[in-house]
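S.K.: Using only what follows, build the 3D model:
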Amino acid sequence: MNRIGYWILAGMLWGSLPLTLQAEEDGHGGRDELGSEQGEAHEEEGGVHLSPEQMEMAGVEIETLQPRDIVSIIRAPGEIQLNAYATSVVSLRIAAQVVERQARLGDIIGKGHALVTLSSVEMSKAQGDLLVAEREWQRVSKLGRDVVSEQRYTEARVAREQARARVSAYGMTEDEVKQLVASGKAELANGKFQLLAPQVGTVIRDDFIVGELVEPGRVLFEISDESVLWVEARLTPDEAAQIQVNARATMMIGDRQVEGRVTQVHHALDEDTRTLGVRIEVPNPDDRLHPGLFVEALIEGMTTEQVLAVPNDAVLRSPDGDWQVFIEHESGEYEPHEIEVVRTMPEITVIDGLEPGSRVVTRGAFFLQSELAKSGFDIHDH
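M.R.: All right, here's what the predicted structure looks like:
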């Protein structure tokens, strides 16, 4: 029997065929980057064999799979919403015409940023009343209480303060009021004024056009700080009873995961769905989340359950898209094994499809997968 035949027979008996002999048949060297320095990586029938030196260089670590207690997870559909506590609307208290727009949809603005210039007949009258009241107050205050009666002194002071309060309530800024009063010019009582941003944020609504006559109560701008958004999840009353404020939650958005925490649990059932709302705060630093997006929320409950779980890095996608981990059968011999991912958590992945006691590669799995890919092994041919 020649050398090749001997090894084929040995492979059938021992369940393995050295990768280096296959390479000899093909006329290739069979060395990889690690093999060229510390020995050769071999493909077992359905797996990979590493020498102790290669295992050390690749950082391969093994863990015996055992059930562990983890916090129970409650799944619920949810929808991303604006953070109402970080959102403001800018509306009018008097009828006015839009003269000029200073901010547009999508603009990121600071507090006090000019939004729109308006003109109003009602504001013009209020500005004129302010000039008259201010002038009367200056005259009375100069005369003093020894000259004017107490009643006139009080009336002049009250009229001045009321006139200031009126123009401020209508929409004039403090600086605009000061400039008007300091000038004392009647021609500046022209009814023009600006609305300013009440907070830092993004303009998410500006439903008006220049020249439009706007009625009192009309919302011209909506501004929101979108760095932190809400997810409104809907749970049954029994599920909601297992949730505590500050519980961790993971939002599944396609292949993305976003971590958040429960901030509020509603106390009234939705009349249509008979569910309770659970509000989750999620960070949005890159502005990739937007209101109206549907998500699946995985919320930590108050109970625990026993599961099989491995570190997230141990779970990989196989060439055909299935989830897999690597199992150690003997020291240095590793084989891919398809599993089902039950759920993914911040540090671990809950899995199904393995028996307790299995020795799972928890570190270095990517290197093993690369070695397997070099050999051209197809898991479905095993």
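
S.K.: Using CSV, write out the CA atom coordinates for the longest strand along the chain.
M.R.: Secondary structure of the chain per DSSP state E: the longest strand is strand 294-311. Taking C-alpha atoms only, strand 294-311 is exported to CSV below (Å, rounded to 0.1, in the frame of the first residue of the first chain):
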residue,chain,number,x,y,z
PHE,A,294,-41.5,50.4,14.7
VAL,A,295,-39.2,48.3,16.9
GLU,A,296,-39.2,45.1,19.0
ALA,A,297,-38.5,45.8,22.6
LEU,A,298,-36.8,43.2,24.8
ILE,A,299,-37.3,44.3,28.4
GLU,A,300,-35.8,42.8,31.5
GLY,A,301,-38.3,41.4,33.9
MET,A,302,-38.1,40.9,37.7
THR,A,303,-37.8,37.1,37.5
THR,A,304,-35.0,34.8,36.4
GLU,A,305,-34.9,31.8,34.1
GLN,A,306,-32.3,29.1,33.3
VAL,A,307,-30.9,29.1,29.8
LEU,A,308,-27.9,28.1,27.8
ALA,A,309,-25.9,31.2,26.8
VAL,A,310,-22.5,32.0,25.3
PRO,A,311,-20.5,35.2,24.8
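
S.K.: Go through it and flag the buried ones.
M.R.: By neighbour count on 16 or more other CB atoms under 10 Å, the buried set for strand 294-311 is V295, A297, L298, I299, E300, G301, V307, L308, A309, V310, P311. Yep, even glycine has a C-beta here, placed from its N, CA and C like the rest.

S.K.: Direction included, what does the helix or strand just after it pair up with?
M.R.: Where DSSP states H and E defines the elements, the next helix or strand beyond strand 294-311 is strand 316-317. In the sheet, strand 316-317 lines up against strand 323-330 (antiparallel) (DSSP bridges).

S.K.: can you list contacts of the strand it pairs with?
M.R.: Applying CB atoms under 8 Å, 6 or more residues apart in numbering, the contact partners of strand 323-330 are 47, 62, 310, 314-318, 334-341, 351, 354, 358-361, 365, 368-369, 379.

S.K.: before we move on, back to that, ok, the buried residues of strand 294-311 vs I73, which is closest?
M.R.: L298 (5.1 Å; CB to CB).

S.K.: in the sheet, who's paired with that closest one?
M.R.: With DSSP bridges as the criterion, the beta-bridge partners of L298 are R75, T250.

S.K.: before we move on, what about the one 10 residues further on?
M.R.: For L308, the residues forming beta bridges with it (DSSP bridges) are I351.

S.K.: how much space between it and I299?
M.R.: Using CB to CB, to the nearest Å, one gets 21 Å for the distance from L308 to I299.

S.K.: tell me the angle of the longest strand of the chain relative to strand 323-330?
M.R.: Angle, strand 294-311 to strand 323-330, by axes from the mean of the first three to the mean of the last three CA atoms, to 10 degrees: 10 degrees.

S.K.: list the contacts for the nearest residue to G106 once chain neighbours are set aside?
M.R.: Distance criterion CB to CB, 6 or more residues apart in numbering; nearest residue to G106, sequence neighbours excluded, is V203 at 6.3 Å. Contact analysis of V203 by CB under 8 Å, 6+ apart lists A103, R104, L105, G106, D107, I109, F221, E222, I223.
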